[in-house]
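Participant: can't give you the sequence, but here's the structure:
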């Protein structure tokens, strides 16, 4: 089997990208630099008031990508509305898993995470730093949806929260129906 070489991602100056730890960024420039004897191109990302330099070779590893399309935003909202019953595991392992999901920058994975944490929050089962993770996940999605749909941030946040409320309402209704069916069978 032949080795495959992945070509580094190429972005243009002025293009908008998503960097998982920073969110929506503009590519302000690129600079060729030598670090530890290795010459490489560094992209300069502008996020708010911060400029961050990222070596081109690290773009795939860091999960840097183009913003979602409008269809992908629709899929995120569909995901947010699907009822779930999150399964609890070891708190430390779960926390580390949550951090990895956030670092992935994957909108669908982050939507699933937000949906799970919202469900736990409604049942008063959030533990430790999970509320913080939930807020970060929501902010990440809201910021990108705001950018993609060109709507006010408050509207995007309202739509995300409304989708989560719909999901939880469906979950509770399903559980009540199941309990009713079970009682009727007894």
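Facilitator: Right, received. Where do you want to start? Since the structure is predicted, the reported quantities are computational estimates derived from the model, not experimental observations. Numbers count the residues shown, from 1 in each chain.
Participant: got the contact list for the top strand by length along the chain?
Facilitator: If each strand of the chain is counted by residues according to DSSP state E, the longest one is strand 23-35. Outside strand 23-35, the residues that touch it by CB atoms under 8 Å, 6 or more residues apart in numbering are 11-19, 39-47, 51-53, 55-56, 67, 139-140, 143-144, 147. In this view, the C-beta of every residue, glycine as well, is placed from N, C-alpha and C.
Participant: Would you tell me what the next helix or strand after it is?
Facilitator: For strand 23-35, the succeeding helix or strand toward the C-terminus, using DSSP states H and E, is strand 38-47.
Participant: That next one - which strands sit beside it in the sheet, and in what orientation?
Facilitator: With DSSP bridges as the criterion, the sheet partners recorded for strand 38-47 are strand 23-35 (antiparallel), strand 50-55 (antiparallel).
Participant: what comes up buried for the longest strand of the chain?
Facilitator: Applying a neighbour-count criterion of 16 or more other CB atoms under 10 Å, the buried positions in strand 23-35 are 23, 24, 25, 27.
Participant: How about stretch 170-183?
Facilitator: Of the residues in stretch 170-183, those scored as buried under the neighbour-count criterion (16+ other CB under 10 Å) are residue 171.
Participant: just stretch 10-21 next, same as before
Facilitator: 11, 17, 18, 19, 20.
Participant: Can you name every helix or strand that the lengthiest helix in the chain contacts?
Facilitator: Using DSSP state H, we find that the single longest helix of the chain is helix 153-185. Other helices and strands packing on helix 153-185, by 3 or more CB pairs under 8 Å, 6 or more residues apart in numbering; DSSP states H and E, are helix 70-80, helix 107-122, helix 130-149.
Participant: now, of these, which is deepest in the fold?
Facilitator: Of all the helices and strands packed on helix 153-185, helix 107-122 carries the top mean neighbour count, a mean of 20, counting by mean count of other CB atoms under 10 Å.
Participant: so how far is that one from its chain's centroid?
Facilitator: 10 Å (CA atoms, centre = their mean, to the nearest Å).
Participant: Repeat that for stretch 41-52.
Facilitator: Going by CA atoms, centre = their mean, where stretch 41-52 is centred and where its chain is centred differ by 20 Å.
Participant: And the contacts of that stretch?
Facilitator: With CB under 8 Å, 6+ apart as the contact definition, stretch 41-52 has outside contacts at 11, 17, 19, 22-33, 53-56, 59.
Participant: now do the same end-to-end measure for it.
Facilitator: Across its full length, stretch 41-52 reaches 13 Å between end residues, using CA to CA, to the nearest Å.
Participant: in that stretch, what's buried?
Facilitator: 42, 43, 44, 45, 47.
Participant: same check, this time on stretch 56-69
Facilitator: Buried, per 16+ other CB under 10 Å, within stretch 56-69: 56, 59, 62, 64, 65, 67, 68.
Participant: Can you tell me how far the first one is from residue 146?
Facilitator: To tie it back to what came earlier, the one meant is residue 56. If you measure residue 56 against residue 146 using CB to CB, to the nearest Å, the figure is 28 Å.
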